[in-house]
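> build me a model:
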Amino acid sequence: MQISVQTGGIIPYWGFEEGYRMIKEAGFDGLDWNIDSAWDRESLKDQLENHELKHCVFEEPLEDIMAHYQEELDVIHKYGLNLIQAHAPFPAYIEGFPEFNEYAIRIYRNCIRFCARAGIKYLVIHGASLRLNDYTQTPQTIREMNRHLYESLIPELKETDVVVCLENLFTRYKGSIVEGVCSNPDEAVSCLDELNEKAGKECFAFCLDTGHLNLLGKNQGVFIRSLGSRIKALHIHDNWGDEDDHLAPYTGNIIWKDVVEALKEIQYAGSLNFETFQQVSLKRVDPEAVPVLLKMIYGIGDVFRRKITAGEK
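All right, here's what the predicted structure looks like:
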């Protein structure tokens, strides 16, 4: 069982050479590659309103995409880090611009091709969530949008070994945190099983996000056991239940014993991946503390790994 960490919060600040060296020296085996940075998602709605959607590298032919990331890939390989999973650009839907969903599908098809070429097995793609103040959509139209989104990716997935992971999400309404897509375990199970049945092979799996579950007050163990073997990837991080803080375990109020016991029970064998970018952000901590915090996060992962795999031959 490998232990990995997302590149966000590290590489944007430290650069390829220093950032990946620190990750490797902290002990990590691999990476969750934040290729979602290909979109400036904070300004996407403004771009669409002004009819000035910025060019995205994933609009390019595959060889050009590979050339764009080659320098970074070279450094990743230099430090012997495995590319275990990646996070696709998001969101796939922007209120008032349903046509953006088709653009997102084109981007995701190229992300899948890129992951196949780069040797990345799991690609996390967020589905669309219905905001309670979005009166242009209904629960049914959002479900149809997500069905269309993921089914549109089946041809690329069947041609490759890449698996697209759905993720449990949240959204906000009048200052409150409310359920987003796949935050109901029965809904997630049904969606995954229907997609894989249509694909005729396991093209889709689940990325469990512990922090998002905590924000919604979900029971981590129940959720994990409900999804079972469908869980192939993790976003491990902590918070206090009011903000998506992306902190290291034991720095929030998640009961990690429940998480670890449930992962052991379902015989989870994927990577223990930490989405803890805020814990190491230079906006929050002294630069000299970043290597220390990375080693701490890896150490927690090692504790989790030993407990999850205890008794295995």
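> please identify which helix or strand holds the closest residue to residue 28 other than its chain neighbours.
In space, and not counting its chain neighbours, residue 28 is closest to residue 5: 5.2 Å by C-beta to C-beta, 6 or more residues apart in numbering. Just so you know, the C-beta spots here come from the backbone N, C-alpha and C atoms, and that holds for glycine as well. Using DSSP states H and E, residue 5 sits within strand 3-6.
> run through who's touching that strand.
Outside strand 3-6, the residues within contact range by C-beta atoms under 8 Å, 6 or more residues apart in numbering are 23, 26-34, 82, 84-85, 87, 235, 271-277, 294, 297-298, 301-302, 305.
> can you pull the pLDDT of residue 127?
Residue 127 is assigned 95 on the pLDDT scale.
> can you list the strands that the strand holding residue 5 pairs with?
As defined by DSSP bridges, the strand partners of strand 3-6 come to strand 30-33 (parallel), strand 272-274 (parallel).
> buried ones in the next helix or strand after that strand?
Counting by DSSP H and E, the next helix or strand C-terminal to strand 3-6 is helix 11-26. Residues of helix 11-26 classed as buried: 11, 13, 14, 16, 19, 20, 21, 22, 23, 24, 26 (neighbour count, 16 or more other C-beta atoms under 10 Å).
> give the rounded mean pLDDT of helix 11-26.
When pLDDT is averaged over helix 11-26, the result is 97.
> buried ones in stretch 118-136?
By 16+ other C-beta under 10 Å, the buried positions in stretch 118-136 come out as 118, 120-131, 134.
> next one: stretch 269-289
Within stretch 269-289, the residues scored as buried using 16+ other C-beta under 10 Å are 270, 271, 272, 273, 274, 275, 276, 277, 278, 279, 280, 281.
> do you know how far residue 107 is from residue 43?
Distance of residue 107 to residue 43, computed by C-beta to C-beta, to the nearest Å: 16 Å.
> show the average pLDDT along stretch 78-90.
Mean per-residue pLDDT for stretch 78-90: 97.
> any idea how far that stretch is from the middle of the chain?
How far stretch 78-90 lies from its chain's middle: 11 Å, per C-alpha atoms, centre = their mean, to the nearest Å.
> between the two ends of it, what distance do you get?
End-to-end distance for stretch 78-90: 29 Å, by C-alpha to C-alpha, to the nearest Å.
> cool, and stretch 157-176?
Start-to-end, stretch 157-176 (C-alpha to C-alpha) is 36 Å.
> before we move on, the earlier item: so which of the buried residues of stretch 118-136 are in helices?
Of these, the ones assigned to helices by DSSP state H are residue 118.
> export the buried residues of stretch 118-136 to TSV and tack on distance to residue 216?
Conversion of these to TSV gives the following (distance: C-beta to C-beta, whole Å):
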residue	distance to residue 216
118	33
120	28
121	28
122	23
123	24
124	18
125	20
126	16
127	16
128	17
129	12
130	15
131	15
134	19
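> from residue 208, how far off is residue 237?
Per C-beta to C-beta, residue 237 is found 11 Å from residue 208.
> and the residue lying closest to residue 218 once chain neighbours are set aside, how many neighbours?
The spatially closest residue to residue 218, leaving aside those adjacent along the chain, is residue 183, at 7.2 Å (C-beta to C-beta, 6+ apart). By other C-beta atoms under 10 Å, 22 other residues sit near residue 183.
> distance check, residue 183 against residue 210.
From residue 183 across to residue 210, the span is 13 Å (C-beta to C-beta).
> ok, the closest residue to residue 238 other than its chain neighbours - contacts?
Of all residues not flanking residue 238 in the chain, residue 252 sits nearest, at 3.3 Å (C-beta to C-beta, 6+ apart). Shown in contact with residue 252 (C-beta under 8 Å, 6+ apart): 211, 214, 238, 239, 240, 241, 245.
> residue contacts, residue 88?
Here residue 88 is in contact with 35, 36, 107, 108, 111, 123, 124, 125, 126 (C-beta under 8 Å, 6+ apart).
> contacting residues for the third one?
Pointing back at residue 107 there. Residue 107 touches 38, 56, 58, 59, 88, 89, counting by C-beta under 8 Å, 6+ apart.
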